[in-house]
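In: Please work out how this folds:
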Amino acid sequence: MIKLNIRLLKLVSLCYLILPVFVFFLTWVKVWIGLPVVLLLFYVSFRYSQSLTEEKAFEINRFHFFGVLLLALLWLSYSGVGGFGIKIHDHYKIYCLAKDISENAWPVSYQFEGKNYFLSSYLGYFISAPVLVGWISYKAIHIFLFLYGFLALIIGLLWLMVLTGVRAFWAVVIFIFVGGFDVAGYIFRNGLSFSEGMPQFYWWNSLNSNDYLLYHGSSNLLFWAAPHALPAWVASGVFFYDLFKQKEISWSPVYLFPLVFWTPFILVGLLPYFALKAVIGNFRSLLKIDNFLLLIPTFLLVWFVTSVGVAELDQGNIFRSIASKGQFLQVVFNYSWFVLFEVLIWFVIVYLLLKNSMFLREHRIWFGLSLLVLMALPLYKLGKYNDWVQRVSMPSLFLLWIWLIRGIKESKSYLKYIAILLIAVSSADSLTYWITGLKESKGILGFNPLKIEDVKSMPHAAKENDWPIEQYLAPADASFFKYVAKQSE
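Out: Residues are numbered from 1 along each chain as shown. As a prediction, this is how the structure comes out:
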């Protein structure tokens, strides 16, 4: 048996999330600001480690433990992370940022179309590799990204097993392949025609393609949105453990605040659970000096990532452009279709699986909140590709799959076989990416990153690919770069 030390898993989770924050303050910020912040973070991290008590180890059979490692390795090696496996459109952003950060002085500056800019975005996924190993080689950057991604994936999957109480790797198999019923939207719009081969199913429940309504399955997340999914699974794992098992979140700001730098959308996705616990729990426990100290690096990170503007982005509630009763009814239908096939079917199944379970009675408030969050998110849109819905949903989807896996584990009725059949149906999109990744990989660990001479700088790549450039570049006179960032020589 492998005895999983929960205290160690918490510390490794924190180290994974906070590393890029240390890198940022040591290399992109003026020394007289960055160094004190780094010392402050070391102090708070030490205090957090001291607060952790030894807990009962989570025991996993060796066969299942190494099965999880192998599944994670296969999954990641086909995903495109670190230059291994499939190459998807969004991966080119990673290549661009990795090259720009490794080849330029920090903070990275650009001259583009007669204007001066600074790179300013959530860089948690991108900054560590080029800063720490970029001096070795371009390929070293991508190998680092793969290994760091593998660490995050293992952490996230171990938290999944701990939270579900399932000590077998079948839980990981479900997590890898489960998703929404995108095939329903495909059939609704196209019929049963598959004449052009295996289609991509993942957008089809957004009946209006301009709305970009999408709740990713786990494989879709890893292949398309690894910079968001990996930290989301790590942070969600440790947070929901504290929420459910410890019933105490007073130290959670220590590992949650780095999400501002990784992907603020994930922090927003965890906020409802944090806020409700603060209200119904012991709010005063959060008012400790350590959490107040964290306001300093949090403020600086927020200042940095908000140096870019969002005023020009497509945003607002889904009824904002309604001009007639017919349009209103169409929007209501589209919304209802989406939540039915992406949310409600799964929650009904999970409820039926767990309705007589102590697990559901103990966590019913969080079950209800996760349903409410996933129902509410599609009512608002932010960004050309609706990042709001796709990113903010990640913690609640992680929780939904925990409910589902736990339900299959506990149920002794025929419903578990219906749930397994539905998982198989929902896996159509995931299988598409696995098959494509397998075809494009050179074996299990086919390392084939984009050639460096084919990688363009972020401004040129953004213009060429019609990416919203304002999400990545801040004007040269932005206040953060005047007063906090290191000055270019």
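In: where do the strands sit along the chain?
Out: For the chain, strands defined by DSSP state E occupy the ranges 2-4, 58-60, 109-112, 115-119, 315-317, 380-382, 473-475.
In: Quickly, which of the ones you listed bottoms out on average pLDDT?
Out: Lowest mean pLDDT of the strands of the chain: strand 315-317, a mean of 75.
In: Give me the contacts around that strand.
Out: Outside of strand 315-317, the residues within contact range by C-beta atoms under 8 Å, 6 or more residues apart in numbering are 379, 380, 381, 382, 383, 388. Yep, even glycine has a C-beta here, placed from its N, CA and C like the rest.
In: So residue 318 versus residue 111, what's the distance?
Out: 39 Å (C-beta to C-beta, to the nearest Å).
In: Revised request: answer the last question for residue 267.
Out: 33 Å.
In: Going by how many neighbours each has, rank these two and give me the top one.
Out: Ranked by neighbour count (other C-beta atoms under 10 Å), residue 267 and residue 111 place residue 267 first, with 22 against 10.
In: On the pLDDT front, check the more buried one for me.
Out: Looking at residue 267, its pLDDT stands at 95.
In: show me the contacts for it.
Out: 256, 259, 260.
In: count of neighbours near residue 466?
Out: There are 8 residues near residue 466, going by other C-beta under 10 Å.
In: ok, back up a step: among the contacts of residue 267, which ones are in helices?
Out: Secondary structure from DSSP state H places 256, 259, 260 of the contacts of residue 267 in helices.
In: Quick check on those residues: which are buried?
Out: For the ones in helices among the contacts of residue 267, a burial check counting by 16 or more other C-beta atoms under 10 Å picks out 256, 259, 260.
In: And the residue lying closest to the last one once chain neighbours are set aside, how far from residue 102?
Out: Residue nearest to residue 260 in three dimensions, not counting chain neighbours: residue 301, with 4.3 Å by C-beta to C-beta, 6 or more residues apart in numbering. Plainly put, residue 301 is 22 Å away from residue 102 if you go by C-beta to C-beta.
In: So for the two, which sits in the more crowded spot?
Out: The neighbour comparison of residue 301 against residue 102 (other C-beta under 10 Å) goes to residue 301, with 25 against 20.
In: still on that earlier bit, how about the contacts of strand 315-317, which pair is most distant?
Out: Distances among those were taken as C-beta to C-beta; the most separated pair is 379 and 383, at 15.1 Å.
In: Of these two, give the one with the bigger neighbour count.
Out: Neighbour totals were compared for residue 379 and residue 383, and residue 383 leads with 18 against 13 (other C-beta under 10 Å).
In: got a pLDDT number for the more buried one?
Out: 72.
In: Show me what the longest helix along the chain is packed against.
Out: Secondary structure of the chain per DSSP H: the longest helix is helix 138-164. Packed against helix 138-164 by the contact rule (3 or more C-beta pairs under 8 Å, 6 or more residues apart in numbering; DSSP states H and E) you find helix 6-27, strand 58-60, helix 62-79, helix 91-103, helix 128-133, helix 170-177, helix 218-241, helix 394-410.
In: what residue ranges in this protein score low on pLDDT?
Out: 190-211, 309-314, 323-324, 440-445, 488-489 (pLDDT under 70).
In: which residue is nearest the centroid of it?
Out: Centroid-nearest residue in the chain: residue 229, 2.4 Å away (criterion: C-alpha atoms, centre = their mean).
In: quick one on the thing from earlier: TSV please, covering the contacts of strand 315-317 and showing distance to residue 467.
Out: Formatted as TSV, the contacts of strand 315-317 follow (distance: C-beta to C-beta, whole Å):
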residue	distance to residue 467
379	26
380	22
381	17
382	16
383	11
388	17
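In: Surely the residue nearest to the centre of the chain is in contact with residue 395?
Out: No - using C-beta atoms under 8 Å, residue 229 is not in contact with residue 395, being 10.8 Å away.
In: So residue 353 is in contact with residue 410, correct?
Out: Yes - contact criterion C-beta under 8 Å: residue 353 and residue 410 qualify, at 7.0 Å.
In: between the two, who's got more neighbours?
Out: Higher neighbour count among residue 353 and residue 410: residue 353, with 25 against 18, using other C-beta under 10 Å.
In: burial count for residue 5?
Out: Counted with other C-beta under 10 Å, residue 5 comes out at 13.
In: how close does it sit to residue 141?
Out: Applying C-beta to C-beta, the value for residue 5 to residue 141 is 31 Å.
In: swap in residue 66?
Out: Distance, residue 66 to residue 141, using C-beta to C-beta: 29 Å.
In: More neighbours: these two, which one.
Out: Taking neighbours as other C-beta under 10 Å, residue 66 and residue 141 compare with residue 141 leading, 29 against 13.
In: Now do the contacts for residue 447.
Out: Residues near residue 447 by C-beta under 8 Å, 6+ apart: 82, 83, 84, 139, 142, 143.
In: Would you mark the buried spots in stretch 279-289?
Out: residue 286.
In: Contacts for that stretch, please.
Out: Outside stretch 279-289, the residues that touch it by C-beta under 8 Å, 6+ apart are 247, 248, 249, 250, 253, 278, 365.
In: What's the ChimeraX syntax to select whichever of those residues are buried?
Out: Selection of buried members from the contacts of stretch 279-289 for ChimeraX, criterion 16+ other C-beta under 10 Å:
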select :249,250,253,278
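In: List just the nearest of the contacts of stretch 279-289 to residue 306.
Out: residue 253 (19.1 Å).
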